[in-house]
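Student: predicted model follows, preceded by the sequence.
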Amino acid sequence: MPLEIVRNDITKMCVDAIVNAANPSLLGGGGVDGAIHRAAGPRLLEACRALHGCRTGEAKITPGFDLPCRHVIHTVGPIWQDGRHGERAMLSSCYKSALALAQAHGCESVAFPLISAGAYGYPRAQAVRVAVDAISGFLLEHEMMVYLVVYTRDAFEISGRLFADIAAYIDDVYVDAHRETCSEAFRRRTQDVLNRRFAGEMEPLPRCAAPMAAQGAELDDRLSRLDEGFSQMLLRKIDEKHMTDAACYKKANIDRRLFHKIKNNPAYRPEKTTVLAFAIALELPLKETRDMLEKAGYALSHASKFDIIVEYFLERGNYNVFEINEALFAFDQSLIGV
Ligand code: APR
């Protein structure tokens with residue numbers, strides 16, 4: 001997915017460029033600025049001296065020196081006052097200036113910290129939204145892999161009530177062990193066989209055990225109607241929603257190349273989070289989401305907190321992928337494309 005939110009130390013990111021949340025002097029400081037200078041070594045400070053500072057909202061570039069990245073892009077975020085002094089526009093400009101500079105230097109991957117969300121006092125959840133909006137806007141027009149590196153768990157401010165509500169929902173439906181039911185196991189094996197069939201390898205369907213004859217009969221019926229795979233259903237739903245392909249995969253934060261791989265290869269089996277990202281982008285009701293997952297060989301499982309949290313939002317018709325990610329993040333789950 002072209003934009004991912006990851007929890008990491010930005011100085012460890014192996015990307016073409018990392019972005020530094022600097023101050024106007026560019027001569028180092030604390031927080032991520034200090035961490036980057038320490039990891040890059042003294043040559044970074046020498047290179048920064050030659051830049052003669054940087055204005056808020058603008059960006060300048062140096063080599064990465066001892067860091068695992070090729071470049072460091074230095075930008076200066078706004079100091080938060082009260083939100084009524086142009087802070088949002090200035091912060092957004094930091095991301096746009098840094099991305100433009102990365103693009104100009106042929107960078108294919110960039111990692112950002114949460115600019116201004118530390119010493120400069122920008123409220124974290126708002127800082128994340130500004131970052132996601134600015135980066136997503138850039139990715140509508142450009143190909144690049146962008147990471148938003150959050151360093152502390154409190155980057156998202158999920159409301160206490162929502163957190164408690166989801167925790168209660170998980171308690172209601174979560175099953176302890178990963179007890180895959182017989183029919184799920186049978187369905188998964190059958191989907192694997194069908195994928196191989198699509199790929200030209202003829203192989204008898206797995207024999208279902210006697211006790212599963214019922215599921216076998218039902219599944220035979222479903223298989224007889226399996227004239228529509230995941231790829232076909234996805235394209236059909238895009239048409240039904242009167243969306244363009246590009247609008248759909250951009251909203252799902254799916255890379256254009258991956259989308260075309262799915263579109264052109266009916267047997268291609270995407271990751272489960274990819275299927276869910278499309279279902280949310282298409283705002284499919286829970287039943288249709290389950291259908292789409294099934295066509296890719298997956299199912300929402302109550303043995304997975306990730307699945308339960310996604311199900312919680314779909315049941316409530318909430319397709320705000322940002323709020324879903326806040327909840328996933330709060331429960332230490334991986335995120336869906338932002
Ligand atoms: N990797 C990723 N993120 C980090 C790291 C790290 N190693 N260290 C800190 N952060 C996060 C912080 O948790 C915060 O969310 O970076 C975000 C930005 O915090 P700051 O580094 O304090 O930057 P900012 O709020 O923009 O303030 C800039 O602080 O360090 C000085 O010289 C800098 O004066 C400037 C001011």
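Tutor: In hand now; what should we look at?
Student: return the residues of the stretch 101-250 of the chain in contact with the ligand.
Tutor: The stretch 101-250 of the chain has residues Pro113, Leu114, Ile115, Ser116, Ala117, Gly118, Ala119, Tyr120, Val149, Tyr151, Thr152 near the ligand, with proximity defined as C-beta under 6 Å from any ligand atom. Yep, even glycine has a C-beta here, placed from its N, CA and C like the rest.
Student: could you flag which of those are buried?
Tutor: For these, burial is judged from neighbour counts taken by 16 or more other C-beta atoms under 10 Å, and it is met by Pro113, Leu114, Ile115, Ser116, Ala117, Gly118, Tyr120, Val149, Tyr151.
Student: dump the residues you listed to TSV, plus pLDDT, distance to Trp80 and secondary structure.
Tutor: Compiled in TSV, those are given as follows (pLDDT from 0 to 100; distance: C-beta to C-beta, whole Å; DSSP: H, G, I helix; E, B strand; the rest coil):
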residue	pLDDT	distance to Trp80	secondary structure
Pro113	96	15	coil
Leu114	94	12	coil
Ile115	97	11	coil
Ser116	97	7	coil
Ala117	94	9	coil
Gly118	93	10	coil
Tyr120	96	6	coil
Val149	91	20	strand
Tyr151	78	18	coil
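Student: and of those residues, the nearest to the ligand?
Tutor: Gly118 (2.1 Å; C-beta to the nearest ligand atom).
Student: ok, that closest one touching Val32?
Tutor: Yes - because the distance of 7.1 Å satisfies C-beta atoms under 8 Å, Gly118 is recorded as touching Val32.
Student: list the residues that contact both of these two?
Tutor: With contacts defined as C-beta atoms under 8 Å, 6 or more residues apart in numbering, the residues adjacent to both Gly118 and Val32 are Ala21.
Student: could you check the pLDDT of Phe259?
Tutor: Here, the pLDDT recorded for Phe259 equals 89.
Student: list the contacts of it.
Tutor: Under the criterion of C-beta under 8 Å, 6+ apart, the neighbours of Phe259 are Asp245, Cys248, Tyr249.
Student: only alpha carbons, please: show the host helix or strand of it as CSV.
Tutor: According to DSSP states H and E, Phe259 maps onto helix 256-264. Backbone C-alpha positions of helix 256-264 (Å, rounded to 0.1, in the frame of the first residue of the first chain) are rendered in CSV as follows:
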residue,chain,number,x,y,z
ARG,A,256,-2.0,1.0,-9.1
ARG,A,257,0.2,-2.0,-10.2
LEU,A,258,-1.3,-4.3,-7.6
PHE,A,259,-4.8,-3.3,-8.8
HIS,A,260,-3.9,-4.1,-12.4
LYS,A,261,-2.5,-7.4,-11.3
ILE,A,262,-5.8,-8.3,-9.6
LYS,A,263,-7.8,-7.0,-12.6
ASN,A,264,-5.9,-8.9,-15.2
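Student: need the next SSE after it, C-terminal direction.
Tutor: Where DSSP H and E defines the elements, the next helix or strand beyond helix 256-264 is helix 272-281.
Student: tell me which residues are up against that following helix.
Tutor: 1, 230, 234, 248-249, 251-254, 258, 262, 288-289, 292-293, 296, 298, 310, 314, 319, 321, 324, 334, 336-337.
Student: ok so, going back, redo the residues of the stretch 101-250 of the chain next to the ligand as TSV? Include distance to Leu45.
Tutor: Output for these, formatted as TSV (distance: C-beta to C-beta, whole Å):
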residue	distance to Leu45
Pro113	19
Leu114	23
Ile115	20
Ser116	22
Ala117	24
Gly118	20
Ala119	19
Tyr120	21
Val149	22
Tyr151	22
Thr152	26
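Student: tabulate the contacts of Phe259 (a markdown table), appending pLDDT and secondary structure.
Tutor: Compiled in a markdown table, these are given as follows (pLDDT from 0 to 100; DSSP: H, G, I helix; E, B strand; the rest coil):
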| residue | pLDDT | secondary structure |
| --- | --- | --- |
| Asp245 | 92 | helix |
| Cys248 | 90 | helix |
| Tyr249 | 88 | helix |
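Student: buried subset of these?
Tutor: Cys248, Tyr249.
Student: and the contacts of Phe259, which is closest to Arg43?
Tutor: Tyr249 (41.1 Å; C-beta to C-beta).
Student: surely that closest one is in contact with Arg257?
Tutor: No - under the criterion of C-beta under 8 Å, Tyr249 is not in contact with Arg257, lying 9.9 Å apart.
Student: and the strands in the stretch 201-338 of the chain, which stretches?
Tutor: With strands called from DSSP state E, counting those that start in this stretch, the stretch 201-338 of the chain shows none.
Student: so, low pLDDT: which residues of it?
Tutor: Regions of the stretch 201-338 of the chain meeting the criterion pLDDT under 70 cover residues 201-227, 337-338.
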